[in-house]
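> With the input below, show me the fold.
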Amino acid sequence: MHDTASLVITAWSNFYVITGSSAAALTGLMFVVITLVAATAHAPRTKG
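All right, here's what the predicted structure looks like:
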C-alpha cells in the first residue's frame, strides 16, 4: 500500500511543480502589465 501511494504522489509532483511555476510567472506578468498600463494612463498626452 505504501509503495502505491508513493508512486501516485511522485507522479503528481511534477504536475504541481509545473502548475505552481506557471502560476507564479503569470502573477508576476500581471503586475508588470498593471504597472505599464498605469504608467501610460498617467502620461501626459501631446497634440499632433
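> residue ranges of the helices in the protein, please?
For the chain, the helices defined by DSSP state H occupy 2-41.
> give me the low-pLDDT residue ranges for it?
In the predicted model of the chain, residues 1-2, 43, 48 satisfy pLDDT under 70.
> Please work out how many residues are found near S21.
For S21, the tally of surrounding residues (other C-beta atoms under 10 Å) stands at 10. (C-beta placed from N, C-alpha, C; glycine too.)
> same check, this time on T27
With other C-beta under 10 Å as criterion, T27 counts 9.
> Name all residues that make contact with it.
For T27, no contacting residues are found, by C-beta atoms under 8 Å, 6 or more residues apart in numbering.
> Now do it against V33, distance only.
As judged by C-beta to C-beta, to the nearest Å, T27 and V33 stand 11 Å apart.
> One more: W12?
Relative to V33, and taking C-beta to C-beta, W12 is found at 31 Å.
> repeat for N14
For N14, the distance to V33 - C-beta to C-beta - is 28 Å.
> repeat for K47
27 Å.
> Out of the two, name the residue with the larger neighbour count.
V33 (10 against 3).
> Next one: H42 from M30, what distance?
On the measure of C-beta to C-beta, H42 and M30 end up 19 Å apart.
> what's the answer for V17, then?
21 Å.
> R45 too?
Applying C-beta to C-beta, the value for R45 to M30 is 26 Å.
> Can you pick out the residue with more neighbours from these two?
M30 (10 against 5).
> Quick one: residues contacting that one.
M30 neighbours (C-beta under 8 Å, 6+ apart): none.
> What is the neighbour count of T40?
Neighbour tally, T40, other C-beta under 10 Å: 9.
> oh, I was asking about T19
11.
> What separation do you get for it and S13?
11 Å.
> now L36
35 Å.
> what's the distance between V33 and P44?
In terms of C-beta to C-beta, V33 sits 21 Å off from P44.
> Ok, L7 next?
With C-beta to C-beta as the criterion, L7 and P44 are 61 Å apart.
> Who has more neighbours out of those two?
Neighbour count, other C-beta under 10 Å: between L7 and P44, L7 has more, with 10 against 4.
> How much space separates the more buried one from N14?
Taken as C-beta to C-beta, the span from L7 to N14 is 13 Å.
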